[in-house]
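Visitor: Here's a sequence, model it:
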Amino acid sequence: MRFVADEGLDAPIVELLRNSGYDVFYIKEEHPGLADEEVLKISNERNDVLIAYDKDFGELVYRLKQLHSGIILVRLSGMKPKEKARIVVQTIREHEVELQGAFTVISKNHVKIRK
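Guide: Below you'll find the model as predicted:
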């Protein structure tokens, strides 16, 4: 599975995904400062699932009806980056088949996957 990681995503999440064998295109490394619409476009062009903290992607998808290849919204505030990384990678491993084309929200005690 391949991912586009939004610029604001913690580097430990990207590192653990890569160390776990996932291909991650990190906006912070490739195109810092890119607008959300362009990040979503890159994700779609690559057919990769987008991982972000930014709730604006939900607005792009649900209110503005933008197409997407899959979005994971990480809602783990108040946690250390390494703990967030562990939870994100564990969730991806457990739900990998369901994530492509879905809008997924990962929170402390819940994972919501919406097709």
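Visitor: tell me which residues of stretch 77-90 are tucked away?
Guide: Lys84, Ala85, Ile87, Val88, Val89 (16 or more other Cβ atoms under 10 Å). All C-beta atoms are positioned from the backbone trio N, CA, C, and that covers glycine.
Visitor: And the contacts of that stretch?
Guide: By Cβ atoms under 8 Å, 6 or more residues apart in numbering, the list of residues contacting stretch 77-90 from outside reads 10-13, 15-17, 20, 51, 72, 74, 76, 106, 108.
Visitor: can you give me the helices in the protein?
Guide: 11-19, 27-30, 36-46, 56-58, 81-99 (DSSP state H).
Visitor: As a markdown table, these with mean pLDDT and distance to His68 would be great.
Guide: As requested, the helices of the chain are exported to a markdown table (pLDDT from 0 to 100; distance: least, Cβ to Cβ, whole Å):
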| stretch | mean pLDDT | distance to His68 |
| --- | --- | --- |
| helix 11-19 | 98 | 19 |
| helix 27-30 | 96 | 15 |
| helix 36-46 | 97 | 6 |
| helix 56-58 | 93 | 8 |
| helix 81-99 | 97 | 11 |
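Visitor: mind checking how far the nearest residue to Arg75 once chain neighbours are set aside is from Tyr53?
Guide: Leaving out its chain neighbours, the residue that sits closest to Arg75 by Cβ to Cβ, 6 or more residues apart in numbering is Ser107, at 4.5 Å. From Ser107 across to Tyr53, the span is 12 Å (Cβ to Cβ, to the nearest Å).
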